[in-house]
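Asker: Build me a model from this:
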Amino acid sequence: MHRILFICHGNICRSTMAESVMTELVRRAGREHEFVIDSAATSREELGNPPHPGTVAKLAEEGIPVVPHRARQITHDEYERWDHIIYMDGENRRNLMRILRQDPEGKVSRLLDWTDRPNDVADPWYTGNFDATWRDVFEGCQALLEKLD
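Answerer: Here you go, the predicted structure:
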C-alpha cells in the first residue's frame, strides 16, 4: 500500500489538484487498491474551503474528476500515517518541517523531484496560471506513479 499526502500552502490549489490527478491516474491504471491519497495545507488560512475554482475548472478541462475535499492542515501526529509526504515548493517544505519537526524516515519530497526536471510546482495563487500548474502537477504525478510501480 502506498500512502501519499500532497502538501501546499492553503490546500485549495496545487495539493488538491495533485490529489485529484493522482487519484485519477491510479484509477486509470487499475491500481486503486494499492493507494491511499489525500492532501493538506501547511497554513490555516483556507481551512474548510473547497478546491479553488481555477483548479476545478482546469481539472474539468482535462477530464479529471475533482476529489471531494475541504482544506485542512497537516498535523505533527500524521507523520507515521504516510509513506510519502509530497510538497510543492521550498516555502511549503520550510513550513512543513516546522510542523513535523523532522523527517527521520525520509518521507518528505518535492513533487517535481520525482521527475527529470526538479523544480517547484508553479503556484497559480499569484499568477492565475492554472495551465502551468497543471503541467507541473501532471508530470509529477505521472513520474510518481511510474516510480511506485
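Asker: Show me what the helix or strand hosting Ile99 is packed up against.
Answerer: Assigned by DSSP states H and E, Ile99 falls within helix 90-100. Contact partners of helix 90-100 among helices and strands, from 3 or more Cβ pairs under 8 Å, 6 or more residues apart in numbering; DSSP states H and E: strand 2-8, strand 84-87, strand 108-110. Glycine gets a C-beta too; all of them are placed from N, C-alpha and C.
Asker: pLDDT of the longest helix anywhere in the chain, averaged?
Answerer: Ranked by residue count, the top helix of the chain under DSSP state H comes out as helix 130-147. Model confidence over helix 130-147, given as mean pLDDT, is 98.
Asker: Which elements pack onto that helix?
Answerer: Using 3+ Cβ pairs under 8 Å, 6+ apart as the contact criterion, the secondary-structure elements in contact with helix 130-147 are helix 14-28, helix 53-61, strand 84-87, helix 124-127.
Asker: mind running it again at 7 Å?
Answerer: For helix 130-147, the packing partners by 3 or more Cβ pairs under 7 Å, 6 or more residues apart in numbering; DSSP states H and E come out as helix 14-28, helix 53-61.
Asker: distance between that helix and the chain's centre?
Answerer: Relative to the centre of its chain, helix 130-147 is centred 10 Å away, using Cα atoms, centre = their mean, to the nearest Å.
Asker: before we move on, the earlier item: so which of the helices and strands packed on helix 90-100 comes closest to Asp123?
Answerer: Between Asp123 and the helices and strands packed on helix 90-100, the shortest gap by Cβ to Cβ is with strand 2-8, which sits at 7.9 Å.
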